[in-house]
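S.K.: task: produce atomic coordinates for the following.
(chains A, B, C and D, ligands or ions: 6)
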Amino acid sequence: MSQTSLNSVSFAISGSGGAGVMTAGEILLMAAAKAGYYGLQTRSVGPQIRGGEAASLMRLATFPVHVHADAFHILFAVDWLNFDRFSGEIDLAEGAIVITGKDSGELPEKVAQTASDVIRLPLHDLLKETKGRVNMLAAGIIGRLTGLPEDALADAIARRFASKGNALVEISTATMRTGYAQGEKLLNHEQRLAPPEPRNGERWIINGNEAAGLGALTAGVKFAAAYPITPATEILEWLSPALTGAGGMLIQAEDELASINMIIGASFGGAPALTATSGPGLALMAEGLGLAAAAEIPVTVIDVQRGGPSTGIPTKSEQTDLDIALCGMHGEAPHLVLAATSVADCIRTTAWAVHLSERLQAPAIMLSDQMMGQMKTIMPRPDLPDLKAERETVASCGEEDYARYALTNSGVSPMALPGTPGCMYTADGLEHDERAIPSTRVEDHAAQLKKRWRKLADFDYGNAWADISGEGPLAVITWGSTAGAVEEASREAEEAGIRVRTIVLRLLSPPQKAKLEAALEGVETLLILENSFSGQFARYLRSFFTLPENVRTFHHPGPRPVTAREVLEAIREAAS
Amino acid sequence: MSQTSLNSVSFAISGSGGAGVMTAGEILLMAAAKAGYYGLQTRSVGPQIRGGEAASLMRLATFPVHVHADAFHILFAVDWLNFDRFSGEIDLAEGAIVITGKDSGELPEKVAQTASDVIRLPLHDLLKETKGRVNMLAAGIIGRLTGLPEDALADAIARRFASKGNALVEISTATMRTGYAQGEKLLNHEQRLAPPEPRNGERWIINGNEAAGLGALTAGVKFAAAYPITPATEILEWLSPALTGAGGMLIQAEDELASINMIIGASFGGAPALTATSGPGLALMAEGLGLAAAAEIPVTVIDVQRGGPSTGIPTKSEQTDLDIALCGMHGEAPHLVLAATSVADCIRTTAWAVHLSERLQAPAIMLSDQMMGQMKTIMPRPDLPDLKAERETVASCGEEDYARYALTNSGVSPMALPGTPGCMYTADGLEHDERAIPSTRVEDHAAQLKKRWRKLADFDYGNAWADISGEGPLAVITWGSTAGAVEEASREAEEAGIRVRTIVLRLLSPPQKAKLEAALEGVETLLILENSFSGQFARYLRSFFTLPENVRTFHHPGPRPVTAREVLEAIREAAS
Amino acid sequence: MTEQIRKPADYKSAIKPIWCPGCGDYGVLSAITKAFAKLRLEPENTAVVSGIGCAARIPAYINAYGFHGLHGRALPIATGLKLARPDLTVLAMGGDGDMYSIGGNHFMHACRRNVDITLLVMDNRIYGMTKGQPSPTTEPDFPTHLYPDGTHLQPLNALAIALVAGANFVARTFSGDPNGLAEDIAMAINHPGFSVIEILSPCVTFRPEQRDWKHQVQRNVLTPAASVAEALQVVTTGPELATGVIWKGDRPPYEGPGEKAGIALDRLLEGFAA
Amino acid sequence: MTEQIRKPADYKSAIKPIWCPGCGDYGVLSAITKAFAKLRLEPENTAVVSGIGCAARIPAYINAYGFHGLHGRALPIATGLKLARPDLTVLAMGGDGDMYSIGGNHFMHACRRNVDITLLVMDNRIYGMTKGQPSPTTEPDFPTHLYPDGTHLQPLNALAIALVAGANFVARTFSGDPNGLAEDIAMAINHPGFSVIEILSPCVTFRPEQRDWKHQVQRNVLTPAASVAEALQVVTTGPELATGVIWKGDRPPYEGPGEKAGIALDRLLEGFAA
Ligand SMILES: Cc1ncc(C[n+]2csc(CCOP(=O)(O)OP(=O)(O)O)c2C)c(N)n1
Ligand SMILES: Cc1ncc(C[n+]2csc(CCOP(=O)(O)OP(=O)(O)O)c2C)c(N)n1
Ligand code: SF4
Ligand code: SF4
Ligand SMILES: [Mg+2]
Ligand SMILES: [Mg+2]
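M.R.: Ligands and ions are numbered 1, 2, ... in the order given. Alright, predicted model coming up:
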């Protein structure tokens, strides 16, 4: 067992037919947080709405983690039904142990080939006494093997099932204890975590969707309209009561065409407004986004990417809405595209998207993905960002006609909100002159196209456009949830003596040409990493920037995320 | 007067309030065709539905022309009302004459500055005798000045007004003759065309929209569904009775979401199917196009580009839907993007789009634009292309389950049409395995993504992917209607001793990397030309291809097209 | 501020309409300004939202805040605006294609949602702006370039849809009677919830025979029905060129999910505590 | 070919449904196969088209040609298919969200267009697939995560919309009665033009109380009305859990613009001659 494995342990709990593997994972995550560890949990589910096969994919660690490890040390499989549906997402580590039922049948080939130890337990018998469920047994066994305190597990169970009554808490706790005791007998298979750093301050368990909702709320969003879609729905479900609580509201629209146009209407009225969706919904919003760009109405769209094309794989992750986010509108409709880089960053980048959108009177698309959107993560309670919606408005107008689309220095024209006396104008998606009057003139078109472009292009976005670290002639660049793997791999590369410059873009559009090219100075080899089949990010970089001579790309499609091991290998190759 | 002006004469007829300037232009075009000349006509109109200011922009020549000249030799302005709305589109040539009414008022500044002669005629008085309309007077005067035979004009009038009764024909002819006689008195201002080449074979007057409809029809399209939109509507209006006549039909859908999905349904049933739209409609079709890509249903979408973003400038041209056509879908949805290069080419490229779409079971977007879509052009009667819709189908299935999405060598899987016994399957936009069963598996996703990509990428598209001519270290590359200006400028450059390699792309996606890079071999400077504000085409080239060291771009937005003079200047600069 | 008395002309903007001479929409514009004057609306607290089409050009001609949005999407914009800014008087407007064809879903759902918005549909039974294609209300035998033999389709009974979907005020009016129209518009604005006014507004260019509506329309013969069922009876079997108020409902307007649905930030943040 | 006699089971595909145990959609699937057997449909000449949702998963489970398209867009696909391939028997199907929310415009226009298609809407008054958001038919006080206090919105009376928009056959049925349902489906398929069957199909996961429908539904109490007006009366004021055929119209189905609208290629080409 390597040292790393003690600072970080990964395991999967799988089962079919409502075995409750997600709940087991949650309990373990809560217990780990209580005990002072960091960690994360994602889920891999089949197409069934309820029941069906599912796997809880977990990582616990002594340091903050943003991404799964390359492979799992423990696989607890309640059964093997349809296991092949997600076996492609579960690679076992060398020396991994597999725990399963005595009579769960033959191991799937891939598992049989890679597992180093298979432990078959009489699961049924073990549950006889407490009459509990197998998932609590699993929580107990894995809790023991990873070295979580039994009390922390009991505490997690009590909190998790508090609303469901004492009886369930008691049965579940007893079953967990049976498991914990059982784990004791397997201590030669222990994957014990090193003791945690002393915990300072509060910890949160939050996923990217909740974080995005929180970011929107703190930035001052007051109106949301949306149509449910996996994997973005949690944003809406978190935001709806939250917005109402804050004196705003969320409206479930009849479709995505309505949602984007509703938020345009609300924003025209002055309310910072937002919607959240996934690929198919974003496609339906393209026309509305173009209107927001042309009429200069700030709106923010959160796109939680999922497997595509078309309906694709709604429950799984991929980074393939970059193309449509950047280039999905007809005509030339300059807009902002941002991407969160981690679960925690969803708070900040969403708030920044709202802030910039309002500041620049342009639509903003904030890209998240299923991986970070639905990944539950333990993190220190974050400071909420001080990025607010602040729009340049006019207080009143004089005799002169109000020039809604005035060609100001910055390109941003102060907006008159309805209610402002004397400034009445008609916002328009038709080309128009400065006073918002429709125009087909060459000169007006050129002037307004340029204005809409330069207000974004010339704005000073400060340092947050990218997270940059490290030095040296080899640079690794990525975006979105893949950042987690890149950061981890870069750290390991440095440890292995390979110097790596790491660049994670947060602001994708307008492209920060001068800044990125400066960041690439001295770089000989650029390694581009992303979770897509065709390399959309690489094409984006090629089209907007002058890149170093030597460009390498590494990408593969979801649902498998790009892992730190893959990144490390790519770094090694690029460095050699 | 330069030699060129005798081989090509350009003039504009403008007026407001239903002066009939378009009809005057048509008569002149018909007469020119009759007389053996080539020529073209576009219109510049204001926002009014009817009446309002309008200009008929004309070019007549002794050789085939695909683009307006840089400037106009004659401007016949019935009045100057709202002339500034399109003055940006009408540059006067050196030595240009302006003909207008005695009391039409002051000349607009731009006109006054550039006109070398202003002829004020007593238009009212001239019409007294025949009681005809001023547009026929204009036709007569311009006909005389450009040297069109009076009989050809009379013949055109007779044909144009045939359905409107003899009286109108007679009045109009008489008025034209008054004008012709009046022209006689202005012969020192003559802009006489050189005698035409002897005319061999029939000539057509056709615009790009009709040509696209014809291309679709000859390729075997049987079903169309569409929603009206400027400037694509003429395609539908031409196609609807034509399809019905050919045993098919066109359905006006309730919206563009319906049109794209209706043609997907028809095509699933085996009917080659098509829709036509413009930017806003294309935006609404993005989700449907993704479905067609995922479910591998051939459909063709003609996008007649107009000024954008949003509702933009519906009646004017621009090349700015390239981004959305190439990258407007979420996930990765490989599809075909083609662009017609001239009015005549709309026939061939539309047919090719239909052919390829059917052959490769993928959606095809064929890009046209308002400029060529609505440009009436005189051309030799074309041979209809032999590009038919031919789909690989299966005749029946045996015991084995039919694998709709089989991983064949070519990536194209023979399709079972409903009615085929034993092959029942469910087409799906969810990711699926070879048998079309929904799957979330890593392996199936990777395999199907790859299949959909390689069936397009590996196909041999032959030579039609681009029109290439010329040699030398300077290459000029463009696409769409800008090709006309580029070809003309290259010819002039060659005449001026500058060697130019000209590349006009017809197949934009999948990008023909090897072929284009071969075509660029030996090129030191590449000049990229397009009619867009931001340079979408240049970005496309950068992202997909390795370009020569020295890349220059020239682009400006519509409604002003890129002219041959601009291209020539850019060539001179690039060559110097 | 002392209340300012405004004449109808004060509600006209300086922009000259692009409409054809004789277009019915001039009458609608005039009626809107009369209704605004009658209600003494403050231009700055009034917003008119439209889609795309000849009819949809109206906002720019009115002295109020306006939004000329996308074809078919006026109602979502108006909905977002009114919910976010309940203090404003919000109208939506557009043509029969805008509202019943591409915008049909929003029309149906806006009726159901019953936000306090007044919708004016200028029905000319044709697509004017795109030069003469059939709309959902075009008669089945009317010939167009697209369908030289007519559509063979039953026209959509949009007011029946409005009633069934839940509109709270329904009227049919005629642009040739700007005074009557103005009264109806004023009444609709005053009526809480979602109001639908179908305005027979001739397209003299592509439906020149509609000029004759001025003789055919039975003005103001309808009166509010006692029940939705009765109102349905009127719009399904009554004469189609009869005008008047057809329905006045008493459903409370929708203003959002309501306070009870809210959760305070503190409590939400507690939910994250590990 | 000699006609093959097929049992309902022969119309089931080999694919196992992803539905929750107890979901009403199992009953619908079973009824469809019974109806197909009854009508002796040839699987290869039958096509079932759906959108996205739990209900919309059905096509893959049926032994016929199928299309599992986009959320809300089943009807346009079915329309294109039927018009291009009038020889096929075409059904469209999906849930209440699919057909009445995002697909509402196509629903309304399909009723109006009256193409010979049979539409089955599995109404569970909830979004099942996305885990429990309100649909247009959800009761105003039903609490969800999005609206803990309910939507406060009047449910859409979709059958009334169907009647008003022009559907040629309208019925309400219950998935708990697969035999009755099968008969209605068979009748709808046989009836020319656009048929709408609203199927009360419980979502046992997000609306467990709908299990009780089996006691509440008044089975087969409705009979075809004598007029649209009467049918409207039934769906607007009658009990909402009553099933039966509500309307059988006699509008001829739409099959396209018709031969008279056609122009031959020769004549079209002549038009280009200069
Ligand atoms: C997405 C989209 N599709 C199509 C169009 C083209 N279009 C503009 S107005 C219009 C219809 C106009 O008809 P109607 O709404 O009845 O208004 P009218 O002009 O008759 O007043 C259409 C189809 C568009 N602007 N946007
Ligand atoms: C464009 C788009 N928006 C949203 C979704 C997400 N989505 C999938 S199914 C569904 C609703 C399902 O409800 P319903 O149609 O009632 O079917 P049920 O699951 O209840 O049978 C939604 C919103 C989607 N797939 N596509
Ligand atoms: S085309 Fe018809 S609707 Fe449009 S402005 Fe002219 S008359 Fe009015
Ligand atoms: S969630 Fe509801 S509708 Fe979906 S399968 Fe389960 S019970 Fe059926
Ligand atoms: Mg109209
Ligand atoms: Mg449902």
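
S.K.: looks to me like residue A:251 is in a helix.
M.R.: No - residue state for residue A:251 (DSSP: H, G, I helix; E, B strand; the rest coil) corresponds to strand; a helix is not indicated.

S.K.: which strand or helix spans the residue lying closest to it once chain neighbours are set aside?
M.R.: When the adjacent residues along the chain are set aside, residue A:251 lies closest to residue A:225, with 4.4 Å between them (Cβ to Cβ, 6 or more residues apart in numbering or on different chains). Bear in mind the C-beta positions are built from the backbone N, C-alpha and C, glycine included. Remark: residue A:225 resides in strand A:223-226, with elements defined by DSSP states H and E.

S.K.: circling back: how much space between the residue nearest to residue A:251 and ligand 4?
M.R.: 25 Å (Cβ to the nearest ligand atom, to the nearest Å).

S.K.: my read: that residue touches residue A:257, true?
M.R.: No - applying Cβ atoms under 8 Å as the test, residue A:225 and residue A:257 come out as separate, 10.8 Å apart.

S.K.: contact residues of chain C facing ligand 5?
M.R.: Residues of chain C that fall close to ligand 5, judged by Cβ under 5 Å from the ion: C:95-96, C:124.

S.K.: 6 Å instead, please
M.R.: The interface of chain C toward ligand 5, taken as Cβ under 6 Å from the ion, is made up of C:95-97, C:124, C:126-128, C:135.

S.K.: let's see if you can find the most crowded of the residues you listed.
M.R.: By neighbour count, taken as other Cβ atoms under 10 Å in any protein chain shown, the most surrounded of those turns out to be residue C:97 (36 neighbours).

S.K.: identify the residues contacting it.
M.R.: Residue C:97 is in contact with C:53, C:71, C:127, C:133, C:135-136, counting by Cβ atoms under 8 Å, 6 or more residues apart in numbering or on different chains.

S.K.: tell me which residue of the stretch 51-200 of chain C lies closest to ligand 2.
M.R.: At 12.9 Å from ligand 2, residue C:105 is the closest residue in the stretch 51-200 of chain C, using Cβ to the nearest ligand atom.

S.K.: what's the pLDDT at the residue nearest to residue A:267 when sequence neighbours are not counted?
M.R.: The shortest distance from residue A:267 to any residue that is not its chain neighbour, by Cβ to Cβ, 6+ apart, is 4.3 Å, and that residue is residue A:273. Reading off the per-residue confidence, residue A:273 sits at a pLDDT of 98.

S.K.: and residue A:273, how far is that from residue A:347?
M.R.: Relative to residue A:347, residue A:273 is positioned 19 Å away (criterion: Cβ to Cβ, to the nearest Å).

S.K.: in contact with the residue nearest to residue C:56 when sequence neighbours are not counted, which residues?
M.R.: Taking Cβ to Cβ, 6+ apart as the measure, residue C:56 lies nearest to residue C:50, with 3.9 Å between them; neighbours along the chain are not counted. Residues in contact with residue C:50 (Cβ under 8 Å, 6+ apart) are C:56-59, C:66-69, C:74, C:92-94, C:98.

S.K.: so which of those residues sit within strands?
M.R.: Among the contacts of residue C:50, the members falling in strands (DSSP state E) are C:66-68, C:92-94.

S.K.: of all the residues you listed, which comes closest to ligand 1?
M.R.: Relative to ligand 1, and with distances defined as Cβ to the nearest ligand atom, the nearest of the ones in strands among the contacts of residue C:50 is residue C:94, at 5.7 Å.

S.K.: residue closest to the middle of the chain?
M.R.: Since you didn't name a chain, this refers to chain A. For chain A, the residue sitting closest to the mean C-alpha position, by Cα atoms, centre = their mean, is residue A:372 at 2.7 Å.

S.K.: actually chain C
M.R.: For chain C, residue C:120 is the residue whose C-alpha lies nearest the centre (Cα atoms, centre = their mean; 1.9 Å).

S.K.: phi first, then psi, for that one.
M.R.: Here the main-chain torsion angles of residue C:120 (degrees, to the nearest 10) amount to phi -110, psi 120.

S.K.: surely it meets residue C:91?
M.R.: Yes - in this structure, residue C:120 is within contact of residue C:91 by Cβ under 8 Å, at 6.6 Å.

S.K.: residues near residue C:223, how many?
M.R.: Using other Cβ under 10 Å, residue C:223 has 11 other residues around it.

S.K.: leaving out sequence neighbours, find the closest residue to it.
M.R.: For residue C:223, ignoring the flanking residues on the chain, the nearest one in space by Cβ to Cβ, 6+ apart is residue C:244 at 6.0 Å.

S.K.: quick check: closest non-adjacent residue to whichever residue of the stretch 101-250 of chain C sits closest to ligand 1.
M.R.: With distances taken as Cβ to the nearest ligand atom, the stretch 101-250 of chain C approaches ligand 1 most closely at residue C:128, which sits 3.1 Å away. The spatial neighbour of residue C:128 that comes closest, neighbours along the chain excluded (Cβ to Cβ, 6+ apart), is residue C:54 at 4.0 Å.

S.K.: any idea how far the one you found is from chain D?
M.R.: Counting by Cβ to the nearest Cβ, to the nearest Å, the separation of residue C:54 from chain D is 22 Å.

S.K.: pLDDT at that residue, what is it?
M.R.: The per-residue pLDDT reported for residue C:54 equals 98.

S.K.: I figured it hits residue C:126, correct?
M.R.: No - distance between residue C:54 and residue C:126: 9.7 Å, which falls outside the contact criterion (Cβ under 8 Å).

S.K.: shared neighbours of the two, anything?
M.R.: Shared contacts of residue C:54 and residue C:126 (Cβ under 8 Å, 6+ apart): residue C:203.

S.K.: quick one, strands of the stretch 1-150 of chain C?
M.R.: Ranges of strands within the stretch 1-150 of chain C are C:46-50, C:65-68, C:89-95, C:118-123, based on DSSP state E, counting those that start in this stretch.
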